[in-house]
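Enquirer: need a structure here:
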Amino acid sequence: MVVDEPVEEAVLAEVVRHPLDDVRAALRALAGEYDAQGRGFELRRVAGGWRFYTRPEHAEVVERFVLDGQQARLTQAALETLAVVAYRQPVSRARVSAVRGVNVDGVMRTLVTRGLVAEAGPDAATGAQLYRTTPYFLERLGLAALDDLPPLAPFLPPDHALEEIMEEAVPRAPRTVEAAPGPAPAPDDPARPDPPDRPDPAPQEQP
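Expert: Presented below is the predicted three-dimensional model:
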């Protein structure tokens with residue numbers, strides 16, 4: 001009730017001074033009991049720990065009471081950038097920019113400031129700074145691990161459509177077309193221009 005982030009089972013076991021297995025079993029029993037009784041809150045395991053959450057059916061009422069229209073939502077650009085990081089992590093800003101087709105430096109700074117994305121060290125090959133999502137990202141989405149992210153396959157276009165998109169996204173090098181040589185005029189062709197007259201060589205003086 002007093003934490004602002006999920007608490008790990010080992011931490012709870014240490015605080016209450018009970019074996020870890022007993023604490024783990026008690027947490028699951030409490031979560032099941034709250035679900036069976038239809039409580040207004042639920043005990044959920046997310047981001048490697050446990051935390052109380054309002055039940056989805058009551059979220060709208062709690063949101064109006066707590067936020068009162070002061071919620072700062074992420075822009076569409078920030079959501080798209082966050083999705084690229086989530087599915088391609090660890091990933092550099094240059095790679096995210098390449099996927100989205102626009103510069104994402106400002107958006108990445110926003111995501112880092114909000115604690116949704118963090119630095120993950122340099123890339124061994126290029127030295128570029130890599131980024132990954134944070135436990136806070138999992139907490140906000142209500143996920144226990146990144147493996148719980150929905151698969152991308154249902155949202156991707158068919159193979160032939162994806163190929164067309166990739167072809168349009170990658171500029172093609174212009175092809176050089178050589179002009180086919182025309183037929184050489186015959187020697188006695190009257191249409192063939194006469195060679196220019198050349199002046200006779202100046203006579204050389206005899207010794």
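Enquirer: tell me who's in contact with Ala98.
Expert: By CB atoms under 8 Å, 6 or more residues apart in numbering, no residues touch Ala98. All C-beta spots, glycine's among them, are computed from the backbone N, C-alpha and C.
Enquirer: name the helix or strand for it, please.
Expert: helix 93-100 (DSSP states H and E).
Enquirer: in that helix, what counts as buried?
Expert: Arg93, Arg95, Val96, Ser97, Val99 (16 or more other CB atoms under 10 Å).
Enquirer: after that helix, next one along is what?
Expert: Past helix 93-100, the next helix or strand by DSSP H and E is helix 105-113.
Enquirer: strand partners of whichever helix or strand comes after that following helix, parallel vs antiparallel please.
Expert: Sequence-wise, the next helix or strand downstream of helix 105-113 (DSSP H and E) is strand 117-122. If you go by DSSP bridges, strand 117-122 pairs up with strand 129-133 (antiparallel).
Enquirer: next SSE downstream of the strand it pairs with?
Expert: helix 135-141.
Enquirer: buried sites along that next one?
Expert: Quick answer for helix 135-141 (16+ other CB under 10 Å): Tyr136, Phe137, Leu138, Glu139.
Enquirer: show me the contacts for the last one.
Expert: Taking CB under 8 Å, 6+ apart as the definition of contact, the neighbours of Glu139 are Glu5, Pro6, Val46, Ala47, Arg51.
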